[in-house]
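Novice: Sequence plus predicted model, see below.
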Amino acid sequence: MPPVYPHRAARGTAPALRQWQQEALDLYVDRAPRDFLAVATPGAGKTTFALRVAKMLVDSGEITRLYVVAPTEHLKQQWADAAARIGLAIDPNFRNADGRHGREFIGVAVTYAQVANKPALHRNKTEAGRTLVVLDEIHHGGDALSWGEGIREAFTPAARRLALTGTPFRSDTAPIPFVDYVEDAEGVRRSRADYSYGYGPALKDRVVRPVVFMAYSGNMRWRTSSGEEMEAQLGGAATKDITQQAWRTALNPEGEWIPAVLAAAHKRLLKVRDRVADAGGLVIASDHETARAYAAQLEALTGQRTTVVLSDDSEASQRIEDFSADGSQLWMVAVRMVSEGVDVPRLCVGVYATSTSTPLFFAQAVGRFVRRRNANEVASVFLPSVPVLMGLANELEEERDHALDVPRSAQDEEGEIPEEDLLEAANREERASEELEKGSFAALESQASFDKVLFDGDEFGLGGAVGSEEEMDFLGIPGLLEPEQVSTLLKQHQADQLRRRPTGQAAETHSQDVVDHRQLKTLRNELNKSVSAYAAKTGMHQGTVHNRLRDACGGPAVGQASKQQLEARVKKLQNWFVGRS
């Protein structure tokens, strides 16, 4: 028979929990487990759930010491503040050199890196009392071998361990400590959560905000490390290298793409502030230099100083707190610091201005904007129109478990990576991007155009120039809407844009709608394979071959080319193979 905790007997005296938190707490009480993994979407309230468990165990006398392990220094402070509000004093300023924490504290908040640095110290502290360890964002146990080994050594003696995450796990072969794995029908061991609460159910329960993704494309031109000048449409059909270089060109602060997107995002923020007076915006940048450049552009745009948060800034945590509290401040620019766990509930508009493309990072970045307050606020995230981000945006409601033993060579017949290996593929792509940084790459020119809107797995909009009526339809949607209202309004704008199109364009659109998409896909694959073969034969870059074909045959990038244009390029390339022009 499970123990009866004071918390459970007098539950009505505590602040009401959300339904998922109550269900998870009831499950925890019934099982009284040593290890428990709760997976809940960012913004759902994992901290509240974990601290309710902690308070219950402290009040019952079952534990006498509390450890919180978090990814960053700022989150240590955040946990300590939240714990203090329910009467639990934990020290976020504890350093390994201190050895002991003060008697006025029941425990400490530390980082994974801090534990990995001196696991024996933390093991001794764990053994000194009946300890509950809360492992916040437990997926970080797989960030580095030393981190996983550190928390295993330090917290194996703990009386209770409560693991939390709001992020898809990595798909690698290193098991994360204190996570339960079960073999599926294919022989792959997958993590098993004790309780899961995804973005989809949270949206239906009105626990998180609806997120509208505003995707921007445009023409990019750059010079490669070998001195070749390249040109491509952002988001057009291209190799991963071409896509990554076009993406990098778009994010260059000296081009036209990023200023245009920042201006569009600011228009959206002002529209939201019509109804949500303290709404704020966040730009997530790739590095310190571009972050400062983006901040300067926002300051010129808004006439207001922009908060800049950098990972090596000793005042980063204070800057985040000040921005969170001051509703008059419009924009914050950060490099990774605000991508995970940081609670700034007034963030309503975001710009994803980084080339990091792992599902882990993307989910946590979007998680900064979904935390719902009392009002029916709509979150808007602006991002480059590239396939990997479009896929992640459309799959926001999907959940992935941490998978072990996944064959690295597994691919389907079209050469695409299976779903269970998407995380590792994205990690490889990010590493390739880092290698690209070492070359003498030069962004030459970038132009922005509105592409489409993504919401709830659907796509809306017919594209258009920056500042066009088509773009403004979507930038101007109200800042307070329920999810069903968002979907209805987006569909209405789509229908209005179709009606506004001139007769000739409407006929062209209808004609394109009935084109056999399978035939187009086959032609694109044939063209890409032929280009790859010709590049290998001549030593040219594949992007250069594509550009020369466009010069010779005319028409847009591969992704926008018609059946006739694709056929003409395939024929032209066949002529080049045999030496004919």
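Specialist: Right, received. Where do you want to start? Just so we're clear, the structure is a prediction, and the values are computed from it rather than from any experiment.
Novice: Could I get the full set of strands for the stretch 201-350 of the chain?
Specialist: Counting by DSSP state E, counting those that start in this stretch, one finds strands in the stretch 201-350 of the chain at the ranges 211-217, 219-223, 229-233, 280-285, 307-309, 331-334, 347-353.
Novice: Can you check which of those gets nearest to residue 142?
Specialist: Nearest to residue 142 among the strands of the stretch 201-350 of the chain is strand 280-285; the distance by Cβ to Cβ comes to 22.4 Å. The way it works is simple: take the backbone N, C-alpha and C, and place the C-beta from them, glycine included.
Novice: could you dump the closest one to CSV, C-alpha only?
Specialist: In CSV, the C-alpha atoms belonging to strand 280-285 read as follows (Å, rounded to 0.1, in the frame of the first residue of the first chain):
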residue,chain,number,x,y,z
GLY,A,280,8.3,41.2,-26.2
GLY,A,281,10.4,39.8,-29.0
LEU,A,282,13.5,37.6,-29.1
VAL,A,283,16.1,37.1,-31.8
ILE,A,284,18.1,33.9,-31.5
ALA,A,285,21.5,34.5,-33.2
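Novice: Which neighbours in the sheet does it have, and how are they oriented?
Specialist: As defined by DSSP bridges, the strand partners of strand 280-285 come to strand 331-334 (parallel), strand 347-353 (parallel).
Novice: What pLDDT does the model give the residue nearest to the spatial centre of the chain?
Specialist: Nearest to the mean C-alpha position of the chain, counting by Cα atoms, centre = their mean, stands residue 362 at 1.4 Å. We have a pLDDT of 87 for residue 362.
Novice: Now do the contacts for it.
Specialist: Contacts for residue 362 (Cβ atoms under 8 Å, 6 or more residues apart in numbering) come out as 352, 356, 389, 392.
Novice: sorry, back to before: which of the strands paired with strand 280-285 sits closest to residue 23?
Specialist: Among these, strand 347-353 comes nearest to residue 23, with 27.7 Å by Cβ to Cβ.
Novice: In contact with residue 454, which residues?
Specialist: 212-213, 215, 390, 393-394, 460.
Novice: same check, this time on residue 89
Specialist: Residue 89 touches 83, 104-106, counting by Cβ under 8 Å, 6+ apart.
Novice: Tally up the residues packed near residue 551, please.
Specialist: Neighbourhood size, residue 551 [other Cβ atoms under 10 Å]: 9.
Novice: ugh, wrong one, residue 480
Specialist: If we define neighbours as other Cβ under 10 Å, then residue 480 has 13 of them.
Novice: Distance of it relative to residue 53?
Specialist: 34 Å (Cβ to Cβ, to the nearest Å).
Novice: can you check residue 538 too?
Specialist: Per Cβ to Cβ, residue 538 is found 64 Å from residue 53.
Novice: So if I had to pick from these two, which one is more boxed in?
Specialist: Higher neighbour count among residue 538 and residue 53: residue 53, with 24 against 12, using other Cβ under 10 Å.
Novice: any idea whether the more buried one is helix, strand or coil?
Specialist: On the three-state scheme (DSSP: H, G, I helix; E, B strand; the rest coil), residue 53 is labelled helix.
Novice: Test my guess that it contacts residue 31.
Specialist: No. Applying Cβ atoms under 8 Å, one finds residue 53 not in contact with residue 31, separated by 11.7 Å.
Novice: How is this protein partitioned into domains?
Specialist: Using automatic domain parsing, the domain parsing of the chain gives 6-204, 211-398+419-448, 517-577.
Novice: mind checking which of these is nearest residue 469?
Specialist: Per Cβ to Cβ, nearest to residue 469 of these: domain 211-398+419-448, 13.4 Å.
Novice: just the strands in the stretch 351-500 of the chain please.
Specialist: So, for the stretch 351-500 of the chain - with DSSP E, counting those that start in this stretch - the strands run 379-384, 403-404, 442-446, 449-455, 458-460, 464-465.
Novice: Next secondary structure element downstream of the biggest helix by length in the chain?
Specialist: What stands out as the longest helix in the chain, according to DSSP state H, is helix 517-538. Sequence-wise, the next helix or strand downstream of helix 517-538 (DSSP states H and E) is helix 542-553.
Novice: if we look at that following helix, which residues are touching it?
Specialist: So helix 542-553 is contacted by 228, 230-232, 238-239, 241-242, 245, 531-532, 534-535, 538, 556-558, 565, 568-569, 572-573 (Cβ under 8 Å, 6+ apart).
Novice: please redo it, this time with the cut-off set to 6 Å
Specialist: The contact list for helix 542-553, computed with Cβ atoms under 6 Å, 6 or more residues apart in numbering, reads 228, 230-231, 239, 242, 531-532, 534-535, 568-569, 572.
Novice: buried ones in that helix?
Specialist: By neighbour count on 16 or more other Cβ atoms under 10 Å, the buried set for helix 542-553 is 542-550, 553.
Novice: Out of these, which is nearest to residue 519?
Specialist: Using Cβ to Cβ, the buried residues of helix 542-553 come closest to residue 519 at residue 553, 18.4 Å.
Novice: can you count the residues close to the closest residue to that closest one other than its chain neighbours?
Specialist: Excluding the flanking residues, the one nearest residue 553 by Cβ to Cβ, 6 or more residues apart in numbering is residue 568, at 4.6 Å. For residue 568, the count of nearby residues is 17 (other Cβ under 10 Å).
Novice: Can you tell me the element residue 568 falls in?
Specialist: If you go by DSSP H and E, residue 568 is part of helix 563-577.
Novice: helix, strand or coil for residue 43?
Specialist: Using three-state DSSP, the structure places residue 43 in coil.
Novice: Any buried residues in stretch 384-393, and which?
Specialist: 384-386, 388-390, 392-393.
Novice: Turn these into CSV, including distance to residue 308 and pLDDT.
Specialist: Compiled in CSV, those are given as follows (distance: Cβ to Cβ, whole Å; pLDDT from 0 to 100):
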residue, distance to residue 308, pLDDT
384, 22, 96
385, 27, 94
386, 26, 92
388, 27, 90
389, 24, 92
390, 29, 90
392, 26, 88
393, 26, 88
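Novice: May I see those residues arranged in JSON lines, with distance to residue 288 as well?
Specialist: Below are the buried residues of stretch 384-393 laid out as JSON lines (distance: Cβ to Cβ, whole Å):
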{"residue": "384", "distance to residue 288": "20"}
{"residue": "385", "distance to residue 288": "26"}
{"residue": "386", "distance to residue 288": "23"}
{"residue": "388", "distance to residue 288": "24"}
{"residue": "389", "distance to residue 288": "22"}
{"residue": "390", "distance to residue 288": "28"}
{"residue": "392", "distance to residue 288": "25"}
{"residue": "393", "distance to residue 288": "26"}
